[in-house]
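Participant: quick one, what's the 3D model for this:
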Amino acid sequence: MSRIGKKPIPIPTGVQVEYAENGLCTVKGPKGELARVLNTEMKYTVEETAVVVERPSDSKTHRAQHGLNRTLLANMIEGVSKGFFKELEIVGVGYKAELKGKDLHLNLAFSHPVVVVPPEGITFEVPKPIEIKVLGINKEVVGQTAANIRSWRKPEPYKGKGIRYKGEHIIRKAGKASAKA
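Facilitator: The predicted structure is shown next:
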């Protein structure tokens, strides 16, 4: 039995979970609404305080899908109740970020500023010019948006300049060795 799959998913107050027979699962909460098509072979039991995901057999595909579908549903419930965020930090002389309206403008030593338009359901916060916070209710979209921002200037291994996740450790390389006399 999957250790993750057999755990019931608690439903916080103010969150509604609806599952249709065609696999469409809708979760509504204080932060918004999410809908996703889940695997129809799994059995979803929606109770008042929890959701239980059960698999029909112990076949390899059912075992693989059991924990995945439970986690997808748990992320939807957590997203509409608490939300998700990713924090990025910018390292480098002259590198900075600023918010203009909803768009994120990045100065990353290119000849032009990079403008990042937020996807639907995503908001940006810039507490300092060297910090970016990506907020949203869909965990996948938050993570992908943060990865897209990071891809504009990945941290390089010699000086560590670039955009990195907060707390990310960059393995540094030694520069050129000086010539011995």
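Participant: so Gly94, which of the three states?
Facilitator: coil (DSSP: H, G, I helix; E, B strand; the rest coil).
Participant: tell me the predicted confidence for it.
Facilitator: Among the per-residue scores, Gly94 shows a pLDDT of 90.
Participant: so what's it up against?
Facilitator: Asn107, Ala109 (Cβ atoms under 8 Å, 6 or more residues apart in numbering). C-beta: built from backbone N, CA, C; applies to glycine.
Participant: quick one: pLDDT of the nearest residue to Val51 once chain neighbours are set aside?
Facilitator: Of all residues not flanking Val51 in the chain, Ile9 sits nearest, at 4.5 Å (Cβ to Cβ, 6 or more residues apart in numbering). Listed pLDDT for Ile9 reads 94.
Participant: can you verify my assumption that Ile9 contacts Glu47?
Facilitator: No - Ile9 is not in contact with Glu47 according to Cβ atoms under 8 Å; the separation is 10.1 Å.
Participant: which one's more surrounded, those two?
Facilitator: Ile9 (20 against 10; other Cβ atoms under 10 Å).
Participant: what are the buried residues along the longest strand belonging to the chain?
Facilitator: Using DSSP state E to define each element, the chain has its longest strand at strand 84-91. Going by neighbour count (16 or more other Cβ atoms under 10 Å), the buried part of strand 84-91 is Phe84, Lys86, Leu88, Glu89, Ile90, Val91.
Participant: one more: stretch 31-46?
Facilitator: Here stretch 31-46 shows Lys31, Leu34, Arg36, Leu38, Asn39, Met42, Tyr44 as buried, counting by 16+ other Cβ under 10 Å.
Participant: how long is it end to end?
Facilitator: 21 Å (Cα to Cα, to the nearest Å).
Participant: same deal with stretch 32-51?
Facilitator: So stretch 32-51: terminal residues 19 Å apart, Cα to Cα.
Participant: for the record, mean pLDDT for that stretch?
Facilitator: Mean predicted confidence for stretch 32-51 is 92.
Participant: quick one: contacts of it?
Facilitator: So stretch 32-51 is in contact with 8-11, 17-19, 21-27, 52-56, 62, 65-66, 68-69, 72-73, 76-77, 79-80, 121, 137-138, going by Cβ under 8 Å, 6+ apart.
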